[in-house]
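Student: Fold the following for me, if possible:
(chains A and B)
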2 protein chains.
Amino acid sequence: MNEAKLHKEGKWLFFDKEYIAEFVYGGIDGSITTFAVVAGAAGAHADIRWVLIFGFANLIADGFSMSVGNYFSSKAALDNYDKHEAVEYWEIEHLREKEIEEIREIYEAKGFKGKLLEDVVATIISDKKVWVDTMMKEELEMTRESKSPLSTAVATFISFNVVGFIPLMAYVVAMFTEVSPSALFPISCVGTGLSLILVGYLRGVVTNINKMKSIIQTLALGGLAAAFAYFVGEVLAKWIL
Amino acid sequence: MNEAKLHKEGKWLFFDKEYIAEFVYGGIDGSITTFAVVAGAAGAHADIRWVLIFGFANLIADGFSMSVGNYFSSKAALDNYDKHEAVEYWEIEHLREKEIEEIREIYEAKGFKGKLLEDVVATIISDKKVWVDTMMKEELEMTRESKSPLSTAVATFISFNVVGFIPLMAYVVAMFTEVSPSALFPISCVGTGLSLILVGYLRGVVTNINKMKSIIQTLALGGLAAAFAYFVGEVLAKWIL
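Tutor: Just a heads-up that it's a prediction; the model follows:
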């Protein structure tokens, strides 16, 4: 393994490929949500029209809630960071000695001692920004997310709806053309499978794991989820229809 | 605002309340997924039995995929951290001078210079663990997640299914008793609303934002998502049924 190359890939991940992660997670969730409707309907031998009604109802509702939910969490994480940072600024003014002692403990743990330790502490606390940054990273282990909550939400919404539409596509076409109803579920499986291969590949890129492993995991996830939905549809239909 | 108290709450958040976050996000997603089925069905005037078939198919499939998906991402994040850490250990052996220079630049940026800077660099690089930890935090801005991927997944699955079952509850009861079908959607709205108030409150605790704001956001999210699903169900039903 070329370690330096791997490392570079990781950096590329952190700085440039930001929104591929949203595409990946929005896409997987959108795909599995509508594929569950399709598979449940196939298990229950439900009419195409119910697939469309429940498929689109879930696509719009879940896509909206996932993306707006993401917006709220990213926003809350940023606000939380800023709040803790403000608390640290407040503490270095009002609890100065305690905060100096915390810096001393942090650097003592790194192996500093004696006069060098005191000099390091004096340098850190001579710059309030450096002082607070040190507390944020070393004491609270917090780093500030650089992505914009709004762009995160928009990327998630688009991806959820675009990839999530794929399992429903054959059913939409079937409303306007002469497609045998029994062909629809197999066509949907193939289309969904192909889209999960693409999304699985990109997931491998984003999470920096082996691409083939990521594709297999993603396909297994979608396939098993659909199998559960099919089974539930089949069992419930026999029981209550 | 009592700053010290706020700060303490934040710490409490980071160390003890770990899995409440999974309960919150699993619960919101589960609730909105099945509530979308219920609302879409109400808009389309669909039979109770379709609500149950599509509701449970989505509950099981999405709950499975969300929790296993979470497992894969948390696992990948841990593996990714470990991989980068291994690269850093490799680099301090094989690209020693470059890595020493990086430590020097990190501490120069903190305001260290001259002999003190050299002494600091010498102390940091005298301990490989401290050296690598510094690179991870300061150069890559990575911290290692302390939660177990498996516990994360299990907490998400349970919460998704328990909270996600609430919108369907009235429909299950209606299969065995004499409940007027027109009462089911209102009952489901009330039950879902109450569960979203609880989950919204806990979301406020987890994300450290105002509890009332969090409750209102969560209710608005679920309410709007259901309104979209209702609208889609109503429009599609008029068009294709």
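Student: OK, contacts around residue A:58?
Tutor: A:33-34, A:37, B:33, B:36-37, B:40, B:58, B:229 (CB atoms under 8 Å, 6 or more residues apart in numbering or on different chains). Quick note: C-beta positions are derived from backbone N, CA and C, even for glycine.
Student: secondary structure class for it?
Tutor: Recorded secondary structure, residue A:58: helix (DSSP: H, G, I helix; E, B strand; the rest coil).
Student: Then residue A:178?
Tutor: Assigned by three-state DSSP, the conformation of residue A:178 is coil.
Student: From chain B, how far off is residue A:202?
Tutor: 13 Å (CB to the nearest CB, to the nearest Å).
Student: That residue against residue A:24, yeah?
Tutor: Yes: at 5.2 Å, residue A:202 and residue A:24 qualify as touching, with contact defined as CB atoms under 8 Å.
Student: Just want to know which of those two has more residues nearby.
Tutor: Set residue A:202 next to residue A:24 and count neighbours by other CB atoms under 10 Å in any protein chain shown: residue A:24 wins out with 27 against 21.
Student: so which helix or strand takes in that one?
Tutor: Secondary structure assignment for residue A:24, by DSSP states H and E: helix A:20-44.
Student: got the contact list for residue A:30?
Tutor: By CB under 8 Å, 6+ apart, the contact set of residue A:30 is A:59, A:62-63, A:159-165.
Student: Export those to CSV and append columns for pLDDT, distance to residue B:145 and secondary structure.
Tutor: Shown next, in CSV, are the contacts of residue A:30 (pLDDT from 0 to 100; distance: CB to CB, whole Å; DSSP: H, G, I helix; E, B strand; the rest coil):
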residue, pLDDT, distance to residue B:145, secondary structure
A:59, 96, 31, helix
A:62, 94, 26, helix
A:63, 95, 27, helix
A:159, 95, 24, helix
A:160, 96, 25, helix
A:161, 97, 30, helix
A:162, 97, 30, helix
A:163, 97, 27, helix
A:164, 97, 28, helix
A:165, 98, 33, helix
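Student: quick one: stretch A:154-167 near chain B?
Tutor: No: on the criterion CB under 8 Å from any CB of the partner chain, stretch A:154-167 is out of touch with chain B, staying 11.6 Å away.
Student: distance between that stretch and the chain's centre?
Tutor: Stretch A:154-167 sits 13 Å away from the centroid of its parent chain (CA atoms, centre = their mean, to the nearest Å).
Student: What are the structural domain limits within chain A?
Tutor: For chain A, automatic domain parsing gives the domain ranges A:3-75+A:148-235, A:78-139.
Student: quick one, phi psi at residue A:126?
Tutor: Per-residue torsions, residue A:126: phi -80, psi -10 (degrees, to the nearest 10).
Student: wait, I meant residue A:141
Tutor: Per-residue torsions, residue A:141: phi 50, psi 40 (degrees, to the nearest 10).
Student: for the closest residue to it other than its chain neighbours, what are its contacts?
Tutor: Spatial nearest neighbour of residue A:141, excluding adjacent residues (CB to CB, 6 or more residues apart in numbering or on different chains): residue B:143 at 4.7 Å. By CB under 8 Å, 6+ apart, residue B:143 lies in contact with A:141-143, B:136-137.
Student: The host helix or strand of residue A:88 to helix B:20-44, inter-axis angle?
Tutor: Using DSSP H and E, residue A:88 sits in helix A:48-94. Inter-element angle recorded for helix A:48-94 and helix B:20-44: 150 degrees (by axes from the mean of the first three to the mean of the last three CA atoms, to 10 degrees).
Student: buried stuff in the helix or strand following helix A:48-94?
Tutor: As assigned by DSSP H and E, the chain's next helix or strand after helix A:48-94 is helix A:96-109. Neighbour-count burial for helix A:96-109, counted by 16 or more other CB atoms under 10 Å in any protein chain shown, picks out A:99-100, A:102-104, A:106-107.
Student: Could you tell me how far the very next helix or strand once past helix A:96-109 lies from the centre of the chain?
Tutor: Per DSSP H and E, helix A:96-109 leads on to helix A:114-125 as the next helix or strand towards the C-terminus. Helix A:114-125 has its C-alpha centroid displaced from the chain centroid by 41 Å (CA atoms, centre = their mean).
Student: next one: stretch A:29-42
Tutor: With CA atoms, centre = their mean, you get 19 Å for stretch A:29-42.
Student: go on, stretch A:217-224?
Tutor: 17 Å.
Student: What of stretch A:119-131?
Tutor: Taking CA atoms, centre = their mean, one finds stretch A:119-131 lying 37 Å from the centre of the chain it belongs to.
Student: Straight-line length of that stretch, end to end?
Tutor: Terminal residues of stretch A:119-131 are spaced 14 Å apart (CA to CA, to the nearest Å).
Student: The helix or strand harbouring residue A:190 versus helix A:20-44: what angle between them?
Tutor: Using DSSP H and E, the element containing residue A:190 is helix A:181-207. Going by the same axes, to 10 degrees, helix A:181-207 is angled at 160 degrees with respect to helix A:20-44.
Student: And helix A:181-207, what does it pack against?
Tutor: Packing partners of helix A:181-207 (3 or more CB pairs under 8 Å, 6 or more residues apart in numbering or on different chains; DSSP states H and E): helix A:20-44, helix A:149-176, helix A:211-240, helix B:48-94.
Student: Single out the most deeply packed of these.
Tutor: Of all the helices and strands packed on helix A:181-207, helix A:20-44 has the most neighbours on average by mean count of other CB atoms under 10 Å in any protein chain shown, namely a mean of 27.
Student: Now do that helix and helix A:211-240, the angle between them.
Tutor: Helix A:20-44 and helix A:211-240 meet at an angle of 30 degrees, taking the same axes, to 10 degrees as the criterion.
Student: starting at the chain centroid, how far to helix A:20-44?
Tutor: Remark: helix A:20-44 is offset 15 Å from the chain centroid, using CA atoms, centre = their mean.
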